[in-house]
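Engineer: Provide a 3D model corresponding to the input given below.
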Amino acid sequence: MHAARTVVPQRTRGSAPRLVFLVLGGWLLGASAAQPVESPVRQTAFDENNYRPREIVNRLPPPPVVTAPRSTRSPTAKTLTRSAKWSWQSRQTVERGTFQWREHDGRIDYASVCMNEKPGSLRYRDCRRGAKPAFARLCKSGRNPAACHAQNNYSPLR
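Structural biologist: Numbering: from 1, shown residues only. Predicted coordinates for the structure are as follows:
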């Protein structure tokens, strides 16, 4: 086997005193090459005078502003107020009356059904229950085409 050679770097002339000076200077200052440099002291007490928020590191740009499209309704949209008779059989009696609703462009505004009654009252609730069969009658008679859509989609509970 071959003997392994150890290569010793040759020093250049005059570098030894310089190396000794650097080691002694570091020892005298109390710092060694193995110790990391201390970071600044972390702030733990905050008040209105000394608070500085951290800088934002990861910041995404805000999403683009999307404006709502203009309403597709024509300025001559027709709004009609209509009325019809309703009846609802409660446990003891049969309640009857007339209810009103609004139509916009041939569609019934379900929130306006029974707008002539006081919202939340028992009469209002009976009116809304009786409106569904009334819409079915109006659809079958052919007097109001918007009532056919309401016959299937109107809910008195909403």
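Engineer: next, the buried residues of the lengthiest helix in the chain.
Structural biologist: Ranked by number of residues, the top helix in the chain under DSSP state H is helix 122-141. Neighbour counts over helix 122-141 (16 or more other C-beta atoms under 10 Å) mark 124-132, 134-136, 138-139 as buried. Any C-beta I mention is one placed from the backbone N, CA and C, and that applies to glycine too.
Engineer: and what of stretch 147-156?
Structural biologist: Buried-residue list, stretch 147-156, by 16+ other C-beta under 10 Å: 147, 150-151, 154, 156.
Engineer: nearest to residue 70, of these?
Structural biologist: Nearest to residue 70 out of those is residue 150 (C-beta to C-beta; 27.5 Å).
Engineer: how about the strands of this protein, start to end?
Structural biologist: 79-89, 94-104, 107-109 (DSSP state E).
Engineer: picking that back up, so for the longest helix of the chain, mean pLDDT?
Structural biologist: Averaged over helix 122-141, pLDDT sits at 87.
Engineer: one step back: I'd like the strands of the chain as TSV, with mean pLDDT appended.
Structural biologist: Output for the strands of the chain, formatted as TSV (pLDDT from 0 to 100):
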stretch	mean pLDDT
strand 79-89	85
strand 94-104	88
strand 107-109	86
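Engineer: out of the ones you listed, flag the one nearest residue 41.
Structural biologist: Residue 41 lies closest to strand 107-109 among these, at 66.3 Å (C-beta to C-beta).
Engineer: what's the residue closest to the geometric middle of the chain?
Structural biologist: Centroid-nearest residue in the chain, with C-alpha atoms, centre = their mean: residue 63, separated by 13.0 Å.
Engineer: now do the contacts for that residue.
Structural biologist: For residue 63, the contact set (C-beta atoms under 8 Å, 6 or more residues apart in numbering) is empty.
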